[in-house]
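Undergrad: The sequence and its predicted three-dimensional model are supplied below.
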Amino acid sequence: MATTDQFHMPRELGDGLLLRWASPDDTEALSQFDLKILSDDPDEPEIGLYHWVHDLMRGDHPTTKASDFTVVVDTNHDNRIASSLTLISQTWTYDGIPFPVGRPELVATDPEYRRRGLVRTQMEVIHALSASRGELVTAITGIPWYYRQFGYEMGLNLGGSRQMFWARAGNDQKVDEESYRLRAVTEKDIPQLHAMYQAHLGDSAIVRPRDDADWHYEAFVIHPESFWSIKPRLIETLDGRVVGYFTSNVWNTAIGVREFGVLPGHSWRAAARFVARQLKREADELNQNRTPAKQLTNIHFNLGEDHRLYDALGPDLERQITPYAWSVRVPDIPAFLRHISPALERRLAAGVMAGHTGTLKINLYRTRFTLVWENGRLVEVGESYPYKRLEEGDAAFPDLTFLQLLFGYRSIDELKLSFADAYTDNNDALVLLRDLFPKRPSRTVPMG
C-alpha cells in the first residue's frame with residue numbers, strides 16, 4: 001500500500017487552498033457539503049447523499065474509509081470545504097474473470113471555487129491511489145462528457161428501465177388468493193441470495209460479485225435512507241419455499257425496483273405480478289400522506305437494457321427508457337487484455353474463428369498494441385508495432401472508442417458506422433473482432 005507521502009499530501013494549491021486527505025473528524029462537514037452541492041433541488045435536499053457519505057466515512061464499509069476522501073479547504077475562510085471526492089474500491093468480473101476496480105464518486109465543488117482545476121488535481125491523486133492498489137479500471141457515474149477530460153470513455157451500460165402503471169387496464173388485477181408472500185431478508189438467508197442475484201444478473205458480461213460480507217453490509221449495515229440501501233425482500237410460497245428476491249425504494253412518483261431474480265423452475269411472470277400487487281398495496285398506504293403531485297403511480301423497473309422480468313411482464317410494461325453509460329478508464333489496455341485473456345480465449349473457442357493463429361494489430365492512433373494468437377491461445381499482448389503510416393493496423397479506433405468495444409457497449413460494426421476513422425483493414429480482422437468482443441449489455445450493480 002502506498003504511503004501518504006507518495007501522493008504529496010497535504011498540498012498547497014495557492015490562494016489559501018489546501019488539498020489533503022479527509023479524516024473521521026470531517027464526516028459531518030463533508031456530508032453536509034455533498035448534500036448541499038449534489039442535491040438536484042436545493043429546496044428538497046436528497047438526504048440519501050448525506051447518509052451515503054456517513055456510511056463511507058464511518059469505518060465499517062468493506063473497502064472505504066474517511067481517508068479515501070480528498071478534500072480541498074480554504075484556509076483563508078475558516079477551512080471551509082471548497083471541493084471533494086472519494087474512491088470506492090471493489091472487484092468486478094469480465095466474463096467471470098475478477099478484476100479490481102476503483103470507483104471515483106461524490107465529485108463536488110462549491111460554485112465559488114469552480115474552474116480552478118480542483119477536480120483535475122484530485123482525480124490525479126485518486127488515480128494514483130487506485131493504481132497503488134493494483135486497480136486495472138476506474139469507472140464513474142456522472143454528468144455527460146465531463147470525465148472524458150480525465151481519460152474516460154462512456155463505454156458500459158448504466159441503467160435502462162421499463163415502467164408498469166397500475167392505472168393501465170389489467171395491471172391492477174385482483175386475485176382471490178395469493179400463492180406467494182413477502183418477507184424481509186435475515187442474516188440466515190444470505191447463502192440463498194447468491195443464486196437469486198445471479199438470476200438477476202443473467203448473462204451480463206460485466207458484473208460485481210457479492211460475497212456474504214457484501215450482502216451483510218448492503219442489507220443490514222448501510223443506513224436505510226442512504227442511496228445505496230437495498231432493502232432486499234424474499235418472495236416465498238405459502239409453505240415457506242423461497243423462489244426469488246427483489247430490492248425497492250421510493251423514487252419520486254414511483255416505487256423503484258433495482259434488482260429482481262427468480263430461481264430456476266419458478267415462473268418469473270407469476271412472481272412479478274405478485275410483487276406488483278404487493279407494491280400497489282404499499283403505494284396506496286404511502287399515498288395517504290403524499291400530496292397529489294407526489295402520488296405513487298407506477299413501478300419503475302430499473303433493471304438494465306434487457307432483463308428476464310421485461311420478457312415476463314412484456315405486455316404489461318411501457319416507456320422503454322434507454323440506458324445511460326458508465327464512464328470507464330483503462331490506463332493500461334494491454335495489461336487489462338492480458339488479465340482477461342482466459343475470457344477472450346473462451347469467446348474465440350466458441351466463435352467462428354476457433355483455433356485461430358495470427359497477429360491482430362490494433363491501432364488507437366496515439367498508441368498501438370498487438371494480440372498474438374496461436375491455435376486459439378492468446379500468447380502475447382504486444383505493447384506496440386512498427387509503422388510508417390498513421391493509419392497502419394488491422395483495426396483502428398479513434399480516441400478511446402476501443403473501450404466501447406472492450407466492454408461490449410458497442411459492436412465493431414456499430415463503431416465503424418459511427419466513426420469514419422474506425423475501421424478494419426481486412427475481413428479476417430473484422431470477423432475476429434466480432435468473435436472476441438460481441439455487443440453484450442451489462443447489468444453492473446456497483447458497490448456504493
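TA: Done, it's in.
Undergrad: what are the pairing partners of the longest strand along the chain, and which direction each?
TA: In the chain, taking DSSP state E as the definition, the longest strand is strand 80-94. Note on strand 80-94: by DSSP bridges, its sheet partners are strand 69-74 (antiparallel), strand 97-109 (antiparallel), strand 206-207 (antiparallel).
Undergrad: and the next element down the chain from the second one?
TA: Moving toward the C-terminus from strand 97-109, the first helix or strand encountered (DSSP states H and E) is helix 118-132.
Undergrad: what angle do that following helix and strand 97-109 make?
TA: 160 degrees (axes from the mean of the first three to the mean of the last three CA atoms, to 10 degrees).
Undergrad: quick one: contacts of the next helix or strand after helix 118-132?
TA: Later in the chain than helix 118-132, the nearest helix or strand by DSSP H and E is strand 137-140. With contact meaning CB atoms under 8 Å, 6 or more residues apart in numbering, strand 137-140 is reached by 92, 99-105, 107, 126-127, 130, 147, 152, 156, 326-331, 336, 446. Quick note: C-beta positions are derived from backbone N, CA and C, even for glycine.
Undergrad: what stretches of this protein score poorly on pLDDT?
TA: 1-5 (pLDDT under 70).
Undergrad: Can you show me the helices along it?
TA: For the chain, the helices defined by DSSP state H occupy 27-38, 47-57, 118-132, 190-201, 212-216, 268-287, 308-313, 333-339, 341-349, 402-406, 412-418, 427-436.
Undergrad: who wins for proximity to residue 175 among those helices?
TA: Set against residue 175 and scored by CB to CB, the helices of the chain come closest in helix 268-287, at 7.1 Å.
Undergrad: what's in contact with the closest one?
TA: 164, 166, 171-175, 178-180, 182, 235, 243-244, 246, 248, 250, 255, 257, 260, 262, 295-297, 299, 308-309, 311-313, 316.
Undergrad: Okay, angle between that helix and helix 190-201 too, please.
TA: Using the same axes, to 10 degrees: helix 268-287 against helix 190-201 is 100 degrees.
Undergrad: Distance from the chain centre to helix 268-287, please.
TA: 27 Å (CA atoms, centre = their mean, to the nearest Å).
Undergrad: May I have that helix as CSV, with CA atoms only?
TA: What follows is helix 268-287, C-alpha atoms only, in CSV (Å, rounded to 0.1, in the frame of the first residue of the first chain):
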residue,chain,number,x,y,z
TRP,A,268,-41.0,-15.1,-13.4
ARG,A,269,-44.4,-13.8,-14.5
ALA,A,270,-46.2,-15.2,-11.6
ALA,A,271,-43.7,-13.8,-9.1
ALA,A,272,-43.5,-10.4,-10.8
ARG,A,273,-47.3,-10.0,-11.0
PHE,A,274,-47.5,-10.9,-7.3
VAL,A,275,-44.8,-8.3,-6.4
ALA,A,276,-46.7,-5.7,-8.5
ARG,A,277,-49.8,-6.3,-6.5
GLN,A,278,-48.0,-6.1,-3.2
LEU,A,279,-46.2,-2.8,-4.2
LYS,A,280,-49.6,-1.4,-5.2
ARG,A,281,-50.9,-2.0,-1.7
GLU,A,282,-47.8,-0.4,-0.2
ALA,A,283,-48.2,2.6,-2.6
ASP,A,284,-51.8,3.1,-1.6
GLU,A,285,-50.8,3.3,2.1
LEU,A,286,-48.0,5.7,1.3
ASN,A,287,-50.2,7.9,-0.9
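Undergrad: just to revisit the earlier point, with mean neighbour count added, can I get the strands paired with strand 80-94 in JSON lines?
TA: What follows is the strands paired with strand 80-94, written out as JSON lines (neighbours: other CB atoms under 10 Å):
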{"stretch": "strand 69-74", "mean neighbour count": "24"}
{"stretch": "strand 97-109", "mean neighbour count": "21"}
{"stretch": "strand 206-207", "mean neighbour count": "23"}
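Undergrad: Among those strands, which comes closest to residue 122?
TA: Of all the strands paired with strand 80-94, strand 69-74 comes closest under CB to CB, at 4.5 Å.
Undergrad: Near residue 301, how many other residues are there?
TA: 27 (other CB atoms under 10 Å).
Undergrad: Next: the one 4 residues further on.
TA: Applying the criterion other CB under 10 Å, we find 18 residues in the vicinity of residue 305.
Undergrad: contacting residues for it?
TA: Applying CB under 8 Å, 6+ apart, the residues contacting residue 305 are 157, 160, 322, 323, 441.
Undergrad: which among those residues end up buried?
TA: 157, 160, 323, 441 (16 or more other CB atoms under 10 Å).
Undergrad: out of those residues, who's nearest residue 88?
TA: For the buried ones among the contacts of residue 305, the minimum distance to residue 88 (CB to CB) is 19.3 Å, reached by residue 157.
Undergrad: Which parts of the stretch 251-400 of the chain are strands?
TA: 254-262, 298-301, 318-321, 324-329, 358-363, 368-374, 377-382, 395-396 (DSSP state E, counting those that start in this stretch).
Undergrad: for those, which one ends up most surrounded?
TA: strand 298-301 (a mean of 25; mean count of other CB atoms under 10 Å).
Undergrad: Provide the strand pairings for that strand, with the direction of each partner.
TA: Strand 298-301 has these strand partners (DSSP bridges): strand 161-165 (antiparallel), strand 254-262 (parallel).
Undergrad: now those as a markdown table including distance to residue 351?
TA: Converted to a markdown table, the strands paired with strand 298-301 look like this (distance: least, CB to CB, whole Å):
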| stretch | distance to residue 351 |
| --- | --- |
| strand 161-165 | 31 |
| strand 254-262 | 29 |
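Undergrad: for the helices of the chain, which one sits closest to residue 369?
TA: helix 333-339 (4.8 Å).
Undergrad: quick one: the residue lying closest to residue 367 once chain neighbours are set aside and residue 10, what's the gap?
TA: Spatial nearest neighbour of residue 367, excluding adjacent residues (CB to CB, 6 or more residues apart in numbering): residue 384 at 7.1 Å. Relative to residue 10, residue 384 is positioned 39 Å away (CB to CB, to the nearest Å).
Undergrad: before we move on, the earlier item: would you format the strands of the stretch 251-400 of the chain as CSV with distance to residue 215 included?
TA: What follows is these, written out as CSV (distance: least, CB to CB, whole Å):
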stretch, distance to residue 215
strand 254-262, 12
strand 298-301, 22
strand 318-321, 28
strand 324-329, 23
strand 358-363, 39
strand 368-374, 37
strand 377-382, 34
strand 395-396, 41
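Undergrad: and residue 23, which of those is closest to it?
TA: Between the strands of the stretch 251-400 of the chain, strand 324-329 lies closest to residue 23; by CB to CB that is 27.5 Å.
Undergrad: that older thread, was I right about the residue nearest to residue 367 contacting residue 366?
TA: No: between residue 384 and residue 366 there is no contact under CB atoms under 8 Å: 11.0 Å.
Undergrad: still on that earlier bit, residue 231: which of the buried ones among the contacts of residue 305 is nearest?
TA: Nearest to residue 231 among the buried ones among the contacts of residue 305 is residue 160, at 21.4 Å by CB to CB.
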